[in-house]
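Novice: the following comprises the amino acid sequence and a computationally predicted model.
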Amino acid sequence: MDIRLVFGIILGICIIWIWHCRRLISYGIWLFKRYFWITWKGKEFNSTAGLKTPVGGKQISSALDLSGCTALEDLFCYGDRLRSLDVSGCTALKSLSCSSNNLTELDVSGCTALEDLFCDRTKLVELNVSSNTALKKLQCGDSNLTSLDVTNNTALEKLYCSSNNLTELDVSNNTALKSLACGFNSLITLDVSSNTVLEKLSCSDNNLTELDLSNNSTLTFLFCHDNNLTRLDLSSNTELDRLWCENNKLTELDLSNNTKLPIDYIYTEGKGYIGYFYQYSDSKLYAVPQDGESFLGWYNEDGELLSTDAEWDIADRTEKVFIAKFTNKATFTEAH
């Protein structure tokens, strides 16, 4: 047999073996991080070491006691079915990720160095972060919170508290806030006038009747759909490039100052409401008639009918102005 062929076969086998070994090693590292990686002064160690509550099997048990880990800096126990987590005395802790667990309470009052807290998708009914003045990121959505006080968290840059049971939210002290997601709650009011560096705001699916964005000139992203807004002034938000304001009570929407959006003006004739969605070139108009009314269609400035679709994809349209026309159902029926 040709020596070159033999050498080629051996080399091929070696390459395949090395490739599989790399995959196995990578998977082993992923499992290690996934279940047991805790950073202790920058060094990794198995999370069973030095714990008061032992860890059973391949996954952290329902209770994890780290109260004696005073040098602990980063803790990742995401999705481990935890029912209790004790981090009292973890004064060096900077990052805590305990999302997707069965936690009903979480005491982080002693974690005064905490900068990032991810505790979303839990069963928390309350969360006290008043002592965590260094906090920059807080993600506590998809839980059962009825209140959230972030007035002491003046360094906060990102706050995600959507899908809770919040009826109020005060972010007036959070002047460093750049991203706020508070949708799917029961908020009646939301004051973001102090958040002058805010870039992203998602406040959809609440009970808001007004939203003042005149001080938010850096805003690029706004999702405020499914509220009760009767007016939306976006003239100061010239950087806006993503917008969703469907299912409100808007009768007009002036986007002439928002040059990063493809249209200038939407308004109604007759009794009905309009909405708009734009993100990454996807562009849609929405028309909803009031009770007893019918939607006739979308028209241009020259009175030409463009579409009779109440939800209309306009990604390929060149018009800048769209008019939603409505008429009384009785009148519409008689005419036809």
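Specialist: Cool, the structure landed.

Novice: which residues touch stretch 151-160?
Specialist: Stretch 151-160 is contacted from outside by 120, 129-141, 150, 170-182, using CB atoms under 8 Å, 6 or more residues apart in numbering. In short, each C-beta sits where N, CA and C put it, glycine included.

Novice: poorly predicted segments of the stretch 201-336 of the chain, please.
Specialist: The model of the stretch 201-336 of the chain has pLDDT under 70 over residues 329-336.

Novice: please enumerate the strands of it.
Specialist: In the stretch 201-336 of the chain, strands defined by DSSP state E, counting those that start in this stretch lie at 221-223, 242-244, 252-254, 265-269, 272-279, 282-289, 293-299, 305-307, 311-313, 321-328, listed in chain order.

Novice: what pairs with the second one, parallel or antiparallel?
Specialist: Spelled out, it's strand 242-244. If you go by DSSP bridges, strand 242-244 pairs up with strand 221-223 (parallel), strand 272-279 (antiparallel).

Novice: nearest to Thr189, out of the ones you listed?
Specialist: Closest approach to Thr189 among the strands paired with strand 242-244 is made by strand 221-223 (16.9 Å; CB to CB).

Novice: what lies in contact with that closest one?
Specialist: Here strand 221-223 makes contact (CB under 8 Å, 6+ apart) with 183, 199-204, 213, 234, 237, 240-245.

Novice: now for these, which sits with the most neighbours around it?
Specialist: Of all the contacts of strand 221-223, the highest neighbour tally under other CB atoms under 10 Å goes to Leu243, namely 27 neighbours.

Novice: tell me the confidence at the residue nearest in space to the middle of the chain?
Specialist: The centre of the chain sits closest to Ala181, judged by CA atoms, centre = their mean, with a distance of 5.0 Å. Looking at Ala181, its pLDDT is 98.

Novice: now Ser131: closest residue in space that isn't a chain neighbour?
Specialist: Counting by CB to CB, 6 or more residues apart in numbering, Ser109 is the residue found nearest to Ser131 once chain neighbours are left out, at 4.6 Å.

Novice: so which helix or strand takes in that neighbour?
Specialist: Ser109 belongs to no helix or strand when assigned by DSSP states H and E.

Novice: correct me, but Thr209 touches Leu229?
Specialist: Yes. With contact defined as CB atoms under 8 Å, Thr209 counts as touching Leu229 (6.6 Å).

Novice: more crowded one of these two?
Specialist: Leu229 (21 against 14).

Novice: who touches stretch 313-324?
Specialist: Outside of stretch 313-324, the residues within contact range by CB under 8 Å, 6+ apart are 263-269, 272, 274, 281-285, 287, 295, 297-301, 306.
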